[in-house]
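Student: have a look; sequence and predicted model below, questions after that.
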Amino acid sequence: MLKKFKALLPKPPFKSAGYTSRPYPVNTKWLVREVTNEDIKALLAVEREVYHGKLPWTKSAFLSELISPLPHLYLCVENEDILAFGGCRIIGNDAHITNIAVHPKFQGAGIGTFLLEELETFARQHGCLTMSLEVRLSNRDAQRLYRKLGYVSRAIKPAYYDQTNEDALDMVKYIE
Ligand SMILES: CC(=O)SCCNC(=O)CCNC(=O)[C@H](O)C(C)(C)COP(=O)(O)OP(=O)(O)OC[C@H]1O[C@@H](n2cnc3c(N)ncnc32)[C@H](O)[C@@H]1OP(=O)(O)O
């Protein structure tokens, strides 16, 4: 099914609603495009791999982001299958990164950096002054990536995550 759909995709650079990909996201094998409702199953599969079956997001959580009336951009990177995704929604002058995940086999190859840079471009195009996100206090790898891209810690949100009660680190990047 996905292969059939892929055959219909133009080669990059290509346009989809409101988003124009860079010629190639990370290398010539991987495409970047906007996520659609039909992709949710594949996004859940990436999450299952990333979080070892403990799903932090449900199907309805993804769906409500994709149909949000707020300006938003959810991107995925694919070869045969979707191997990474990331998205943000804009509230006022802030673009909030809601979720980003890269399949474990493809981590460390620059995809996370690429996705965050694309989201930042989108945020700038919408006149945002900041990018923000929450990340688990224990998730040092992701924090390293965010710091490398210019995010700084702003606050700790106690017991932010439902199932584990773990604290979140609230991070912000000023992009004015
Ligand atoms: C707002 C939120 O969604 S918070 C939750 C973020 N998501 C997750 O933690 C899910 C599990 N992790 C992932 O999916 C990915 O590893 C991500 C999204 C954190 C990073 O994506 P990647 O494609 O792996 O990142 P990328 O290859 O661009 O790496 C950039 C930097 O991130 C850091 N980094 C990423 N992965 C690792 C790792 N496993 N170990 C150490 N550092 C890492 C490094 O600083 C790296 O820079 P370097 O290669 O120069 O050392």
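Tutor: Okay, I see it. Bear in mind the structure is a predicted one, so any value in this text is a computation, not a measurement.

Student: give me the longest helix you can find in the protein.
Tutor: With secondary structure taken from DSSP state H, the chain has its longest helix at helix 111-125.

Student: what sits up against that one?
Tutor: In this structure, residues lying in contact with helix 111-125 by C-beta atoms under 8 Å, 6 or more residues apart in numbering are 19, 22, 25-26, 30, 32, 73, 75, 77, 83-88, 90, 95, 97, 100, 102, 131, 142, 145-146, 148-149, 173, 175. Every residue, glycine included, has its C-beta placed from N, CA and C.

Student: how many residues are close by the residue nearest to residue 93 when sequence neighbours are not counted?
Tutor: Spatial nearest neighbour of residue 93, excluding adjacent residues (C-beta to C-beta, 6 or more residues apart in numbering): residue 129 at 4.3 Å. A count of neighbours around residue 129, defined by other C-beta atoms under 10 Å, yields 14.

Student: so residue 129 makes contact with residue 95?
Tutor: No. Applying C-beta atoms under 8 Å, one finds residue 129 not in contact with residue 95, separated by 9.3 Å.

Student: identify each buried residue in the longest helix of the chain, please.
Tutor: Residues 111-112, 114-116, 118-120, 122-123 are the ones in helix 111-125 that count as buried (16 or more other C-beta atoms under 10 Å).

Student: how about stretch 47-62?
Tutor: For stretch 47-62, by 16+ other C-beta under 10 Å, it's 47, 50, 57, 62.

Student: lowest pLDDT pick from those?
Tutor: Lowest pLDDT within the buried residues of stretch 47-62 is found at residue 57 (89).

Student: so what's it up against?
Tutor: Counting by C-beta under 8 Å, 6+ apart, residue 57 touches 43-44, 47, 99.

Student: and the spatially closest residue to residue 138 that is not a sequence neighbour, what are its phi and psi?
Tutor: Using C-beta to C-beta, 6+ apart and skipping the chain neighbours, the partner closest in space to residue 138 is residue 166 (6.6 Å). Dihedral pair for residue 166: phi -70, psi 150, per degrees, to the nearest 10.

Student: in terms of pLDDT, where does residue 166 sit?
Tutor: We have a pLDDT of 93 for residue 166.

Student: could you check how far it is from the ligand?
Tutor: Look at residue 166 and the ligand: by C-beta to the nearest ligand atom, to the nearest Å, they are 12 Å apart.

Student: just to check, that residue is in contact with residue 136?
Tutor: Yes. With contacts counted by C-beta under 8 Å, residue 166 reaches residue 136, the gap being 5.3 Å.
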